[in-house]
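Trainee: here you go, sequence then predicted model.
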Amino acid sequence: MTHTRGGTSGDLVGRLERLARIESPSRDAAASEHMAAQLAEWWQGAGATVAFETTDAGTSLVAEVAGEGDPLLLVGHSDTVWPRGALDGAVPWSIDGDIVRGPGVYDMKSGLLVMIAALERLQGRRHRSVRVVVVCDEEIGSPTTQALLRRSAEGVSGAIGFESPHPDGALKVGRRGSTRLRLEVRGRASHAALDPENGISAIDELVDQLVRVRAVVADPALPSEVLCNVGTISGGGRANVVPAHAQAEIGLRFVDAVTEGRVMAALGGLEPVRRDAVVETAVLSSRPAWSPSTADDGLVAAIAAGGRRIGQVVEARPATGAGDTNLLGSLGIPTVDGFGPRGGGAHAVTEHVSLASLGERVDLLEALLADVPA
């Protein structure tokens, strides 16, 4: 592959289009397998040994590239939030100068290519050992790949996530914890006009429980702020039937583990307002809070040193969004995220990535991996 510093090659753009055209929504097993096979082909060309792990969510990939020292773990995901058909609909592939648009180009198929391109450049040269894990279900909280992430992190010197950076290109060090919770209510159906007194409205009960949820997360006695979003509500069927079932999916974001523990205990102990109603909570996915550490700062410093050698300024600061690096950072592994290229519109029809930034990130990773400790 030919390249110029700070730029990107036509081959790299062609690869990005190829990945974008493999529409890979979460839990699409066939698309996930296709993505893993394509990535494996490129990784093997870069000198890696590749293994796959399949769960009911899809196929994940682990690649090992031999080098010096304990491996540096590079972390990514192959799934996107976009359903099949987005390419022919709301998010078509297009190139306009420096800007490429398409489903998943920013989150995070361009980040996957940064890893591969940097290791291809380093073939035949001294460089750090690298382990790569690309999970198939990150966009839904990595519910089936937590064990794979933990195994992949064994014995590594640090971890770098290739999610998108801050808008100005700064890396991410520290992320809020993220939990997805289902709040489910069972009531009793009855005719809304002829027999209302024998019904228990699951929807009315759910509304009252959501008011309680708001009180729990807004408790001023909590050590830190909690972000709470009721993302979906469903239940009932007809206006003349008292609904017997209702549920809501709730997204929660935590700064620290103490606050998370208190809130989750309170929500797990919710009691019904109405006699004979049943209220249950279930955790759908959970990522721990990752607080920045001195070990993280050391990895940032190493990346910044590589950046200086090639004329790039590297900065880092905490982020509110969660990802697979939450787990790795919370385990005490030196961790940095946001190594993907600049762009914008993640999860939106405006999703786009900067080609110049894509090339710059390849340059930066190459510089970091070529810096073999004495």
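Mentor: Structure's in. What do you need? Numbers count the residues shown, from 1 in each chain.

Trainee: who's in contact with the host helix or strand of V336?
Mentor: Applying DSSP states H and E as the criterion places V336 in strand 335-336. Strand 335-336 is contacted from outside by 158-161, 171-173, 290, 295-296, 299-300, 303, 316, 325, 328-329, using CB atoms under 8 Å, 6 or more residues apart in numbering. The way it works is simple: take the backbone N, C-alpha and C, and place the C-beta from them, glycine included.

Trainee: mind redoing it with 6 Å?
Mentor: Applying CB atoms under 6 Å, 6 or more residues apart in numbering, the external contacts of strand 335-336 come out as 159-160, 171, 173, 296, 299-300, 325, 328-329.

Trainee: which one (most neighbours) among those?
Mentor: For these, the largest number of neighbours (other CB atoms under 10 Å) sits with T325, at 30 neighbours.

Trainee: is it true that that one touches G161?
Mentor: Yes: checked against CB atoms under 6 Å, the pair T325 and G161 is within contact range at 4.0 Å.

Trainee: quick check: neighbours shared by the two?
Mentor: Joint contacts of T325 and G161 (CB under 6 Å, 6+ apart) are D337.

Trainee: picking that back up, what about the strand holding V336, distance to the chain center?
Mentor: 14 Å (CA atoms, centre = their mean, to the nearest Å).

Trainee: now do the helix or strand following that strand, average pLDDT.
Mentor: Downstream of strand 335-336, the next assigned helix or strand under DSSP H and E is strand 343-344. Across strand 343-344, pLDDT averages out at 97.

Trainee: just checking, what packs against strand 343-344?
Mentor: The contact analysis (3 or more CB pairs under 6 Å, 6 or more residues apart in numbering; DSSP states H and E) places strand 343-344 against strand 352-354.

Trainee: right, and the helix or strand after the strand it packs on?
Mentor: helix 355-370.

Trainee: count residues in the vicinity of V349, would you?
Mentor: Neighbour tally, V349, other CB under 10 Å: 13.

Trainee: where does the spatially most central residue of the chain land in three-state SS?
Mentor: Residue closest to the average C-alpha location in the chain (CA atoms, centre = their mean): G323, at 3.7 Å. Secondary structure state of G323, per DSSP: H, G, I helix; E, B strand; the rest coil, is coil.

Trainee: now do the contacts for it.
Mentor: 161, 163 are the contacts of G323 under CB under 6 Å, 6+ apart.

Trainee: could you pull up phi and psi at it?
Mentor: The phi and psi values for G323, taken as degrees, to the nearest 10, are phi -160, psi -170.

Trainee: could you measure it against D371, distance?
Mentor: Per CB to CB, to the nearest Å, G323 is found 25 Å from D371.

Trainee: what of V132?
Mentor: From V132 to D371 the distance is 19 Å (CB to CB).

Trainee: settle it for me: which of these two has more neighbours?
Mentor: Neighbour count, other CB under 10 Å: between V132 and D371, V132 has more, with 26 against 15.

Trainee: just the pLDDT at that one, thanks.
Mentor: pLDDT, read off for V132, is 98.

Trainee: equivalent analysis for S9, please.
Mentor: 56.

Trainee: pLDDT weak spots in the protein?
Mentor: For the chain, the stretches with pLDDT under 70 are 1-10, 374.

Trainee: which stretches of the stretch 201-350 of the chain form helices?
Mentor: Listed in chain order, the helices of the stretch 201-350 of the chain (DSSP state H, counting those that start in this stretch) span 202-217, 257-268, 294-309, 325-330.

Trainee: so which of these is nearest G124?
Mentor: Closest approach to G124 among the helices of the stretch 201-350 of the chain is made by helix 294-309 (19.3 Å; CB to CB).

Trainee: how far does that closest one sit from the chain's center?
Mentor: 23 Å.

Trainee: stretch 50-64 now?
Mentor: Counting by CA atoms, centre = their mean, stretch 50-64 comes out at 16 Å from the chain centroid.

Trainee: could you do stretch 233-248 as well?
Mentor: That offset, for stretch 233-248, works out to 32 Å (CA atoms, centre = their mean).

Trainee: how far does it stretch from start to finish?
Mentor: For stretch 233-248, the first-to-last residue distance is 4 Å (CA to CA, to the nearest Å).

Trainee: JSON lines for the helices of the stretch 201-350 of the chain, including distance to E138?
Mentor: Output for the helices of the stretch 201-350 of the chain, formatted as JSON lines (distance: least, CB to CB, whole Å):
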{"stretch": "helix 202-217", "distance to E138": "25"}
{"stretch": "helix 257-268", "distance to E138": "20"}
{"stretch": "helix 294-309", "distance to E138": "20"}
{"stretch": "helix 325-330", "distance to E138": "10"}
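
Trainee: so which of these is the most surrounded?
Mentor: Greatest average neighbour count among those goes to helix 325-330 (a mean of 25), per mean count of other CB atoms under 10 Å.
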